[in-house]
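A.B. asks: sharing a sequence plus its predicted fold:
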Amino acid sequence: MAVIAPSILAADFSRLGQQVDAALKAGVETLHLDIMDGHFVSNISFGPDIAADVVSRAKKKGVSVDAHLMVTMPENYINAFAAIGVDLLTFHLELDSRRRALPENRWVYGASEIRYVSRINHVIELIQKANMKVGLAVNPPTDPKLAAPFMEKIDRFLIMSVNPGFGGQGFIEETYAKIERTVKYRAKKNLSFDIQVDGGIGTENAARLAELGVDSLVCGTSFFGAKDIAARLKELNGQIVSC
Ligand code: DX5
Ligand code: ZN
């Protein structure tokens, strides 16, 4: 069954501990950490030190935490996130790819080929050696089929439904076709990775995503932007539970 994964990026950082406790009290099953280095994406979010308090609060309630590394050098952060107890670490397929300019001095890395397969495999191995599950993420400009050589090794495939870097963006409609192709590929190859979608998800599209076979729906603004996050979680879960 699909799970709602609230993104801490959208929380009120002036009272982060309270926001995390409120999410845990509301009954979230997992939390999503959006880690940004200001290089892979045109924004800087937070690092392992801030994440440590979030993870420790979640662990006390038996809630899992995944970290989504939107960083150019994921190798540099694996041990730090393992040390704080992150369960699953996701990095991007677009390492060493081309940077494409976007409006408002933003950018997105998009891969039209994977030049360094050995590096992707190396990062996967480093994450596994650090006893975390492995996620691989693709940006909107990247065709998911480029991830084929790695699909048997990963626990999660993250399909970005916005250009990474900022919460509160609109869901990119072309993502639906990508999800359908990925669900079909997973079934055809009898693979077991879960599919996470990240960006622009809320009550207006959660049901459709769950019906398509998405396992984890990252909700930032639609969750932490709600007046009553417990009621919003109920609403979101109500959309996906029957799928
Ligand atoms: C973008 C971030 C966002 C965030 C979700 O890099 O990864 O997608 O998690 O934000 P909302 O739900 O506000 O789009
Ligand atoms: Zn994310």
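C.D. replies: Nice, I can see it. Ligands and ions are numbered 1, 2, ... in the order given.

A.B. asks: where do the strands sit along the chain?
C.D. replies: Applying DSSP state E to the chain gives strands spanning 3-6, 30-36, 64-70, 88-92, 98-102, 106-110, 133-138, 156-160, 194-198, 216-219.

A.B. asks: partner strands of the fourth one and their direction?
C.D. replies: Same thing as strand 88-92. Strands that pair with strand 88-92, judged by DSSP bridges, come out as strand 64-70 (parallel), strand 133-138 (parallel).

A.B. asks: out of those strands, which is closest to ligand 1?
C.D. replies: Comparing these by their distance to ligand 1 (C-beta to the nearest ligand atom), the top pick is strand 64-70, with 5.9 Å. Glycine gets a C-beta too; all of them are placed from N, C-alpha and C.

A.B. asks: from the chain's centroid, how far away is that closest one?
C.D. replies: Offset of strand 64-70 from its chain centre (C-alpha atoms, centre = their mean, to the nearest Å): 6 Å.

A.B. asks: find the nearest non-adjacent residue to the residue positioned nearest the centre of the chain, please.
C.D. replies: Centroid-nearest residue in the chain, with C-alpha atoms, centre = their mean: H68, separated by 4.9 Å. Ranked by C-beta to C-beta, 6 or more residues apart in numbering and with sequence neighbours excluded, the top spatial neighbour of H68 is T90, at 4.8 Å.

A.B. asks: tally of neighbours for the nearest residue to G200 once chain neighbours are set aside?
C.D. replies: Spatial nearest neighbour of G200, excluding adjacent residues (C-beta to C-beta, 6+ apart): F171 at 3.2 Å. Neighbour count for F171, taken as other C-beta atoms under 10 Å: 18.

A.B. asks: now F171: how far from ligand 1?
C.D. replies: Here the distance between F171 and ligand 1 works out to 8 Å (C-beta to the nearest ligand atom, to the nearest Å).

A.B. asks: now swap in D96 and tell me
C.D. replies: Separation of D96 from ligand 1 (C-beta to the nearest ligand atom): 20 Å.

A.B. asks: pretty sure that residue sits against R115.
C.D. replies: Yes - using C-beta atoms under 8 Å, D96 makes contact with R115 at a distance of 5.6 Å.

A.B. asks: between these two, which one's more packed in?
C.D. replies: The neighbour comparison of D96 against R115 (other C-beta under 10 Å) goes to D96, with 13 against 10.

A.B. asks: pull the contacting residues for the residue of the chain found nearest ligand 2.
C.D. replies: The chain approaches ligand 2 most closely through H68 (3.5 Å), counting by C-beta to the ion. Applying C-beta atoms under 8 Å, 6 or more residues apart in numbering, we find H68 in contact with H32, L33, D34, I35, T90, G135, A137, L158, D198, V218.

A.B. asks: which residues touch the fifth one?
C.D. replies: Shown here is T90, whose contacts under the criterion C-beta under 8 Å, 6+ apart are D66, A67, H68, L69, V134, G135, L136, A137, R156, L158, Q196.

A.B. asks: these two touch, right, the fourth one and Y77?
C.D. replies: In other words, L69. Yes - here L69 lies in contact with Y77, judged by C-beta under 8 Å, at a distance of 6.2 Å.
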